[in-house]
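*Asks:* Show me the folded form of this:
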Amino acid sequence: MEHIEQRPSELTFDSKGVMLIDGVGIPGSNIFLLFPLLFKKEKPSLIGLEELINKLTEMKLNSYILENSPRKKAKIETKTGGSNEIDNKHWYYLGP
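*Replies:* The predicted structure follows:
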């Protein structure tokens, strides 16, 4: 936060939490919701999040952002003897 406060003309927010990037407000954004997401791997789609990440990257502060790690793929054996890689985030076993 200290690095951001040193450059208020680039990134700031008003008392309601609306984010301002280069003096332009991002309607519907809320820094109080967006800021904690920078420290989580899974990032939901919220208004202003992409702009915030892009601005922090431009300011060379992206080392403070926890990036999404690539999801691991699970290998499953098929009945025919081959194997397939599947995305384990959306995989469910419905067997006996």
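
*Asks:* going forward, measure contacts and count neighbours with C-alpha atoms only.
*Replies:* OK.

*Asks:* quick one: low-confidence ranges for the chain?
*Replies:* The model of the chain has pLDDT under 70 over residues 68-96.

*Asks:* could you show me where the strands are in the chain, in order?
*Replies:* 11-13, 19-21, 24-25, 73-77, 83-87 (DSSP state E).

*Asks:* who's in contact with Ile53?
*Replies:* Applying Cα atoms under 8 Å, 6 or more residues apart in numbering to Ile53 gives the contacts 38, 62, 65.

*Asks:* er, Leu38 I mean
*Replies:* Residues near Leu38 by Cα under 8 Å, 6+ apart: 53, 64-66.

*Asks:* Could you find the closest non-adjacent residue to Ile26?
*Replies:* Met19 (5.7 Å; Cα to Cα, 6 or more residues apart in numbering).

*Asks:* which residues does the one you found bridge with?
*Replies:* Met19 has these beta-bridge partners by DSSP bridges: Phe13.

*Asks:* And it, how far from Glu42?
*Replies:* According to Cα to Cα, to the nearest Å, Met19 and Glu42 sit 21 Å apart.

*Asks:* Name the residue in those two with the higher neighbour count.
*Replies:* Met19 (26 against 12; other Cα atoms under 10 Å).
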